[in-house]
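Visitor: My questions concern the predicted model and sequence given below.
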Amino acid sequence: MTKTLTFAVLHFSVAFTVTYLLTGSVLVGGAVALVEPAINTVVFYFHDKVWKRFEAKKQNALNAITA
């Protein structure tokens, strides 16, 4: 979960900075920085869980071949 939270902090910062630079608006930058990274962070958390499951299945298949 720590990995997900640090990713979220970085993502919020990048989203705000890019949006602010494009629009010049702190309000729009803040809104985008709250909505988009929050959704993306949740998606990343589940993506990471699925990816770990995929890696475990791949490792189990390799272990079965070498056993």
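Guide: Yes, it's here.
Visitor: quick one: contacts for the residue positioned nearest the centre of the chain?
Guide: Of all residues in the chain, the one closest to the mean position by Cα atoms, centre = their mean is residue 44, 3.7 Å from it. Applying Cβ atoms under 8 Å, 6 or more residues apart in numbering, we find residue 44 in contact with 4, 7. Every C-beta, even on glycine, is put in place using the N, C-alpha and C of the backbone.
Visitor: Report the contact partners of residue 15.
Guide: Here residue 15 is in contact with 29, 32, 33, 36, 37 (Cβ under 8 Å, 6+ apart).
Visitor: Restricted to buried residues, select these in PyMOL.
Guide: PyMOL command restricting the contacts of residue 15 to the buried ones, with burial defined by 16 or more other Cβ atoms under 10 Å:
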select buried, resi 29+32+33+37
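Visitor: Relative to residue 19, how far out is residue 28?
Guide: 6 Å (Cβ to Cβ, to the nearest Å).
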